[in-house]
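Trainee: Just a sequence and a predicted model for now, questions to come.
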Amino acid sequence: MSLRILVVDDSPVMRKMVIRVLGMSGLPIESVHEACQGREALEVLARETGINLGLFDVNMPILNGEELVIQIRAEPKTAALPVVMVSTEGSVERIERLKKLGAAFIRKPFGPEALLDAIISATGAA
Amino acid sequence: MNPEWAAALGQAVREVFENLCFMLPSHPRLSLPPEAPSLSRVILAVDFSGAGRGTLHLTLPDSMIAPVASAMLGEDGPLELSEQYDAVCELANIVCGNVLPLIAGERAVFDLASPRVIATMSADLGEVFDASARVLLDDGLVAASISLAGADGREWGNQSDARAAGAA
């Protein structure tokens, strides 16, 4: 399955870094879409069809990563979207909250192998 | 000064620069050189709140900004200055996110504000902050400092919610 990925982060540099690591992961990537915060991400998800993986920052203005996942899970069209949350701050409590939302978690900094593991965890692929 | 926090700061700086920029510490037995007062530096600040509140500062020579950004983004060509500063701001953010669990415990939840670039430094970091560390990398000397108080403004570890926050 080719991946159509939505990368959401308020830092353009971080989006660029995530896309670079994605390219190094060896995953079959069909397309990468970008958004700078949660509200814009919802617009991309409403507009684009076939996005099958989300990589979301946690701390973002307007609509943060956790709020974004809650809204995605509430919308039938996107409820089953596999999501990996990417964050600098990885407290156990926050990770547990994200797991309850059905999201995998990866902490910055990370390399291709760690990202691959997180994506496999999110998609359930072996 | 808190020596355990200083060690955690040094560890976070070393790990982040190594993993993100592929910049390694110089030989561990090499003593740190005195800081040249005339050396131009950039100082980055990351404020945080939540289980506690405070600020992390990361200081690095101007000469490291371009190589750090290029290494982070994997680009050989010249980067826009704004992109270079975005990269080092993100670096400070990641150092902050990595050091807080080391000093405040894995259960403490913090919200990190967007990093800011500070033009000048008016005081000695070691006197103003709870802990500071300097790490000599092959590419230059990086300094980090942190202040952390409880959410109620009391000293970290003595605040009323320290147990709930997971502090030792």
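Mentor: That came in fine, so what should we check first?

Trainee: is it true that A:K99 touches A:F105?
Mentor: Yes: with contact defined as C-beta atoms under 8 Å, A:K99 counts as touching A:F105 (7.3 Å). For glycine as for every other residue, the C-beta is placed from the backbone atoms N, C-alpha and C.

Trainee: out of the two, which sits in the busier spot?
Mentor: With neighbours defined as other C-beta atoms under 10 Å in any protein chain shown, A:K99 and A:F105 compare such that A:F105 has more, 20 against 13.

Trainee: can you tell me if the helix or strand hosting the more buried one touches chain B.
Mentor: Element membership for A:F105, per DSSP states H and E: strand A:103-107. Yes: judged by C-beta under 8 Å from any C-beta of the partner chain, strand A:103-107 comes into contact with chain B at A:R107.

Trainee: Residues contacting that strand from elsewhere in the structure, which ones?
Mentor: With contacts defined as C-beta atoms under 8 Å, 6 or more residues apart in numbering or on different chains, strand A:103-107 is touched by A:56, A:69, A:82-88, A:90, A:95, A:98-99, A:114-115, A:118-119, A:121-122, B:97-98.

Trainee: and chain B, which of its residues are near chain A?
Mentor: Counting by C-beta under 8 Å from any C-beta, chain B sits next to chain A at B:15-16, B:19-20, B:69, B:72-74, B:83, B:86-87, B:89-90, B:93-94, B:96-98, B:100-101, B:106-112, B:114, B:166.

Trainee: Now intersect those residues with the helices, please.
Mentor: Judged by DSSP state H, the residues of chain B next to chain A include B:15-16, B:19-20, B:69, B:72-73, B:83, B:86-87, B:89-90, B:93-94, B:96-98, B:100-101 as members of helices.

Trainee: Buried ones among these?
Mentor: Neighbour-count burial (16 or more other C-beta atoms under 10 Å in any protein chain shown) applied to those gives B:16, B:19-20, B:69, B:72-73, B:83, B:86-87, B:89-90, B:93-94, B:96-98, B:100-101.

Trainee: Report the distance from the very next helix or strand once past the strand holding A:F105 to the chain centre.
Mentor: Scanning forward in sequence from strand A:103-107 by DSSP H and E, the next helix or strand is helix A:112-123. With C-alpha atoms, centre = their mean, to the nearest Å as the basis, helix A:112-123 stands 11 Å off its chain's centre.

Trainee: Likewise for stretch A:15-29?
Mentor: Worked out by C-alpha atoms, centre = their mean, stretch A:15-29 lies 12 Å from the chain centre.

Trainee: hmm, who's touching it?
Mentor: So stretch A:15-29 is contacted by A:1-3, A:5, A:7, A:9, A:32, A:34, A:36, A:55, A:86, A:110-113, A:115-116, A:119, B:72-74, B:90 (C-beta under 8 Å, 6+ apart).

Trainee: repeat that for 10 Å
Mentor: Stretch A:15-29 is contacted from outside by A:1-5, A:7-9, A:11, A:32, A:34-36, A:53, A:55, A:57, A:84, A:86, A:106, A:108-117, A:119-120, B:20, B:72-75, B:83, B:86-87, B:90, using C-beta atoms under 10 Å, 6 or more residues apart in numbering or on different chains.

Trainee: Got a quick PyMOL command for the buried subset of those?
Mentor: To isolate the buried ones among those in PyMOL, judged by 16+ other C-beta under 10 Å, type:
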select buried, (chain A and resi 3+4+5+7+8+9+11+32+34+35+36+53+55+57+84+86+106+108+109+110+115+116+119) or (chain B and resi 20+72+73+83+86+87+90)
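
Trainee: Next, count neighbours for B:S49.
Mentor: Number of residues near B:S49 (other C-beta under 10 Å) recorded here: 12.

Trainee: Let me know the helix or strand that it is in.
Mentor: strand B:41-50.

Trainee: Can you list the strands that the helix or strand just after that strand pairs with?
Mentor: As assigned by DSSP H and E, the chain's next helix or strand after strand B:41-50 is strand B:52-61. Strand B:52-61 sits in its sheet next to strand B:41-50 (antiparallel), strand B:140-150 (antiparallel), going by DSSP bridges.

Trainee: Now name the helix or strand holding B:V135.
Mentor: Using DSSP H and E, B:V135 sits within strand B:131-137.

Trainee: So the residue in chain B that chain A sits nearest to versus B:L79, what's the distance?
Mentor: For chain B, the residue closest to chain A is B:G97, as judged by C-beta to the nearest C-beta, at 2.7 Å. In this view, B:G97 and B:L79 are 23 Å apart by C-beta to C-beta, to the nearest Å.
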